[in-house]
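Trainee: Predicted model, plus sequence, below.
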Amino acid sequence: MTIWLTILGMALVTYATRVTALLTLRGELAPWLQRWLGYVPVAVFVALILPPLVLAEHNDTRVLTVGPALPAGIVGAVVAWRSGNVLLTILAGLVCFWAMRWLGM
């Protein structure tokens, strides 16, 4: 019963926040708000991608590190920027990651 109440509560909170935003932002948005909202996807993407690339677990703490993930992420970003091909981006990042691991980094 507790699980179902938790799921129902989460659904209500999710619905309430989305309905509030939709009702508040009806009609035309101000130009400054449109510019500001244009940066949200990039900020969220960086917040999701960057920590796994530069942080590592060490004795139950997170420490900054430069491992094979960071160069592989940079290679993948450059390939994505230049080619726009998702498959090529994944392949380039994986090859770089595997090469760095093979070299002992």
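Mentor: Yep, that arrived.

Trainee: Endpoint to endpoint, stretch 59-72 covers what distance?
Mentor: 25 Å (C-alpha to C-alpha, to the nearest Å).

Trainee: Counting neighbours, show which residues of it come out buried.
Mentor: For stretch 59-72, burial by neighbour count (16 or more other C-beta atoms under 10 Å) applies to P68, A69, L70, P71, A72. In this view, the C-beta of every residue, glycine as well, is placed from N, C-alpha and C.

Trainee: Just give me the closest of those residues to V95.
Mentor: A72 (8.4 Å; C-beta to C-beta).

Trainee: mind checking pLDDT for the closest one?
Mentor: pLDDT, A72: 92.

Trainee: ok, now how distant is it from V46?
Mentor: 16 Å (C-beta to C-beta, to the nearest Å).

Trainee: Then R82?
Mentor: 19 Å.

Trainee: contacts for whatever helix or strand P71 lives in?
Mentor: Using DSSP states H and E, P71 sits within helix 69-83. Residues from elsewhere that reach helix 69-83 (C-beta atoms under 8 Å, 6 or more residues apart in numbering): 49, 52-54, 85-86, 88-90, 92-94, 96-97, 100.

Trainee: chain center to it, what's the gap?
Mentor: Relative to its chain's centre, helix 69-83 lies at 15 Å (C-alpha atoms, centre = their mean, to the nearest Å).

Trainee: do the same with stretch 69-89
Mentor: 15 Å.

Trainee: list the buried ones in that stretch?
Mentor: A69, L70, P71, A72, G73, V75, G76, V79, A80, T89.

Trainee: and the closest residue to the fourth one other than its chain neighbours, what does it touch?
Mentor: The reference is to A72. Closest residue in space to A72, ignoring its immediate chain neighbours: F97 at 3.7 Å, by C-beta to C-beta, 6 or more residues apart in numbering. Residues in contact with F97 (C-beta under 8 Å, 6+ apart) are P68, A69, A72.
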